[in-house]
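K.L.:
Generate a structure from the sequence data that follows.
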Amino acid sequence: MSKLSFDQLVDLFLLLSVDKIGPSRVRSLLSKFKNFNNIFDASLTELEKVEGISFELGKRIKSARQKRNDLISIVESQLNGLDKINAKLISLWDAEYPSLLKKIYDPPLLLYTKGIFSDKDNYSIAAVGTRNPTNYGKVQTERIISELALQGITIVSGLARGIDSIAHQTALKNGSRTIAVIGSGLDVVYPPENKNLFNKISENGLIISEYPLGTKPDAQNFPRRNRIISGLSLGVIVFETAINGGAMQTAHFALDQNREVFAIPGNLGVRQSEGTNLLIQKGEAELLINAEDVLNELQLKLRPVIGKNIPQPEKDLNVFEEKIFIALKENGELQIDKLSELTNLSTSDCLVNLLTLEFKGLVKQLPGKIFSVIV
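P.N.:
Predicted structure coming up:
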């Protein structure tokens, strides 16, 4: 459970219950006053000196303490309810809080979680898309998520119908962890037909919500949920979406958070492809053909996890891999241009086969596009 004391949790709930007070204003208040007691003890004049706190907002903060006894009962009920479903509450100040999510502009102060975090989750890729995918969208989602899952990459999505559900199911099928970020309380499974999937994810990954137990899946919850999906991930793949789809919101959150965005191109005139094609056309997303495109773009960030699920063969090399391996073994460290010259392969062909050799644990990359055999 959160390292915040019970009284601190009550004070945090109390602040968040004040209209117009959200995570960013709570952080501003704590930055100024250092603890919750000082916030509630501060004068109106002192509160107004904090960025974003108006006279009216300051008055609401001052009067909030009158509701403290009610909040004590609410917090007790939440903690007891979490305990009953084997879930817990994590605060922004806890070591368990995901490091990638901490870096976004507006991270949730509290996360309700069912399941456990893993170090692998620091190397996550998000998969999002329409609730009504075409057959093409389903096939591409299964293909690319399978390739990523086999590399041991955690897949993040939103447990919605369509692309989200396919992404979660494919990750589980291929033995990878998966994280579902939901727009309701942990005790409210939505859509209801995903209850079995919800349970499997909580046993083999993690369910996350920023909403208290009992929260219904209201429409306004999902845009905020989307910033967490992108915030947990190094990159976001958009498979199929209309121009006004929720996946477009997730893509734009990712761009704001300085995360990579990838999109699957689709047929012209198909509504489910209008959003992905627009992202590519505007240069907001990289055109994605296969998982290798993601691995190439993010290979330095993914290096600690990629390939760890793959057995390392001794001689299972194709003719190009063998040519590259021999050149490195005979010449030691080689820069990519020199390696291309020695093997009579194009630079792009070298890079593709070098990536495979890295996955097999036979070659490593050094700074400056220099490669060497792993001794």
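
K.L.:
Can you show me the helices along the stretch 251-375 of the chain?
P.N.:
For the stretch 251-375 of the chain, helices defined by DSSP state H, counting those that start in this stretch occupy the ranges 271-281, 291-297, 299-302, 319-331, 336-343, 347-359.

K.L.:
mind saving the C-alpha coords of stretch 358-367 as CSV?
P.N.:
Taking Å, rounded to 0.1, in the frame of the first residue of the first chain, the C-alpha atoms of stretch 358-367 are listed here in CSV:
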residue,chain,number,x,y,z
GLU,A,358,21.7,-8.8,-31.6
PHE,A,359,18.5,-10.6,-30.8
LYS,A,360,20.4,-13.9,-31.0
GLY,A,361,22.9,-12.6,-28.5
LEU,A,362,25.8,-12.8,-31.0
VAL,A,363,26.6,-9.2,-31.7
LYS,A,364,26.4,-5.9,-29.8
GLN,A,365,26.3,-2.3,-30.9
LEU,A,366,28.6,0.4,-29.6
PRO,A,367,28.3,4.2,-29.9
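
K.L.:
Comparing the helices of the stretch 251-375 of the chain, which comes out most buried?
P.N.:
helix 271-281 (a mean of 21; mean count of other Cβ atoms under 10 Å). No exception for glycine: its C-beta is placed from N, CA and C like everyone else's.

K.L.:
Now do that helix: which elements does it pack against?
P.N.:
Judged by 3 or more Cβ pairs under 8 Å, 6 or more residues apart in numbering; DSSP states H and E, helix 271-281 is in contact with strand 235-238, helix 246-256, strand 260-263.

K.L.:
quick one: contacts of the last one?
P.N.:
Judged by Cβ atoms under 8 Å, 6 or more residues apart in numbering, the contacts made with strand 260-263 from elsewhere in the structure are 234-238, 251, 254-255, 275-277, 279-280, 284-288, 293-294, 297-298.

K.L.:
remind me which residues of the stretch 151-300 of the chain are low pLDDT?
P.N.:
300 (pLDDT under 70).

K.L.:
can you give me phi and psi for residue 127?
P.N.:
phi -130, psi 120 (degrees, to the nearest 10).

K.L.:
what's the burial count for residue 239?
P.N.:
By other Cβ atoms under 10 Å, the residues close to residue 239 number 30.

K.L.:
and the nearest residue in space to it that is not next to it in sequence, what does it touch?
P.N.:
Nearest residue to residue 239 in three dimensions, chain neighbours excluded: residue 129, at 3.8 Å (Cβ to Cβ, 6 or more residues apart in numbering). Going by Cβ under 8 Å, 6+ apart, residue 129 touches 137, 141, 162-164, 238-241, 245, 247.

K.L.:
Next, format those residues as a markdown table and append distance to residue 228.
P.N.:
Below are these laid out as a markdown table (distance: Cβ to Cβ, whole Å):
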| residue | distance to residue 228 |
| --- | --- |
| 137 | 23 |
| 141 | 20 |
| 162 | 19 |
| 163 | 17 |
| 164 | 13 |
| 238 | 16 |
| 239 | 19 |
| 240 | 21 |
| 241 | 18 |
| 245 | 17 |
| 247 | 14 |
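
K.L.:
Return the closest of those residues with respect to residue 97.
P.N.:
Nearest to residue 97 among the contacts of residue 129: residue 164, at 23.4 Å, using Cβ to Cβ.

K.L.:
In this structure that closest one contacts residue 126, no?
P.N.:
No - with contact defined as Cβ atoms under 8 Å, residue 164 does not count as touching residue 126 (9.9 Å).

K.L.:
between these two, who's got more neighbours?
P.N.:
residue 126 (33 against 30).

K.L.:
And that one, how far from residue 204?
P.N.:
18 Å (Cβ to Cβ, to the nearest Å).

K.L.:
Ok, residue 322 next?
P.N.:
Note on residue 322: its distance to residue 204, by Cβ to Cβ, is 37 Å.

K.L.:
Find the centremost residue of this structure, please.
P.N.:
For the chain, residue 232 is the residue whose C-alpha lies nearest the centre (Cα atoms, centre = their mean; 2.5 Å).

K.L.:
most neighbours, which of the contacts of residue 129?
P.N.:
Result: residue 241 is most packed of those (other Cβ under 10 Å), 33 neighbours.

K.L.:
Who are the contact partners of that one?
P.N.:
Per Cβ under 8 Å, 6+ apart, neighbours of residue 241: 128-130, 247-248, 272, 274-276.

K.L.:
Relative to the whole chain's centre, how far out is the longest helix seen in the chain?
P.N.:
Using DSSP state H, we find that the single longest helix of the chain is helix 68-84. Distance of helix 68-84 from its chain centroid, counting by Cα atoms, centre = their mean, to the nearest Å, is 28 Å.

K.L.:
Just checking the distance from the helix or strand following it to the centre of its chain.
P.N.:
Sequence order places strand 88-91 as the next helix or strand after helix 68-84, per DSSP states H and E. Chain-centre distance of strand 88-91: 17 Å, with Cα atoms, centre = their mean.

K.L.:
tell me what strand 88-91 is packed against?
P.N.:
helix 6-16, helix 68-84, strand 110-115.

K.L.:
Name the stretch among those that sits most buried.
P.N.:
It is strand 110-115: most buried of the helices and strands packed on strand 88-91 by mean count of other Cβ under 10 Å, with a mean of 23.
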